[in-house]
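Participant: Predicted model follows, preceded by the sequence.
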Amino acid sequence: MSKQLEGCSKIHVGNRIFDITEVTDGSMPDELGEVLFVLGKINLAPNQTLDCLADTLLHEVIHAIDYVYGATGTYLTEEQVVRVTGGLLTVLNDPRNTKFLDFLLKKRKKL
Ligand SMILES: [Zn+2]
């Protein structure tokens, strides 16, 4: 497990659990990440910078969300996943959006 992931070894998406693994055996030479839906695995290429790793992991999680919640048999295109990933990372990391994040993640639960 990468130190950069700080113990983030799995993610729950609805009723599915995806194990997050940094693949160091050289089997992912051309990809930064992949999600194996049936196996419940998200594999990440090693040695990514922290910002790249965050982008890759969120990208694969959006694929997982699309898979878990997709009911029509059609899925988001790679271009759509890239757009949503970049946009979400920007909004979530923008310090001007702390009130939005508080509402989204914490304060709403107190209602
Ligand atoms: Zn993708």
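Facilitator: Yep, that arrived.

Participant: what's the longest strand in the chain?
Facilitator: For the chain, the longest strand by residue count, based on DSSP state E, is strand 16-22.

Participant: how far out from the middle of the chain is that one?
Facilitator: 10 Å (CA atoms, centre = their mean, to the nearest Å).

Participant: With stretch 85-102 instead?
Facilitator: For stretch 85-102 - counting by CA atoms, centre = their mean - the centre lies 15 Å from the chain centre.

Participant: Renumber starting at 57 from here on
Facilitator: With 57 as the first residue, the last one maps to stretch 141-158.

Participant: now do the same end-to-end measure for that stretch.
Facilitator: 20 Å (CA to CA, to the nearest Å).

Participant: Is the ion within reach of that stretch?
Facilitator: No - applying CB under 5 Å from the ion, one finds stretch 141-158 separated from the ion by no less than 8.5 Å. Heads up, the C-betas are built off the backbone N, CA and C, glycines and all.

Participant: ok, and what's touching that stretch?
Facilitator: 110-111, 114-115, 118 (CB atoms under 8 Å, 6 or more residues apart in numbering).

Participant: try 10 Å
Facilitator: 107, 110-119, 159-161, 163-164 (CB atoms under 10 Å, 6 or more residues apart in numbering).

Participant: and what of stretch 117-131?
Facilitator: Against stretch 117-131 from outside (CB under 10 Å, 6+ apart): 67-72, 74, 76, 89-94, 96-98, 132, 134, 136-141, 144.
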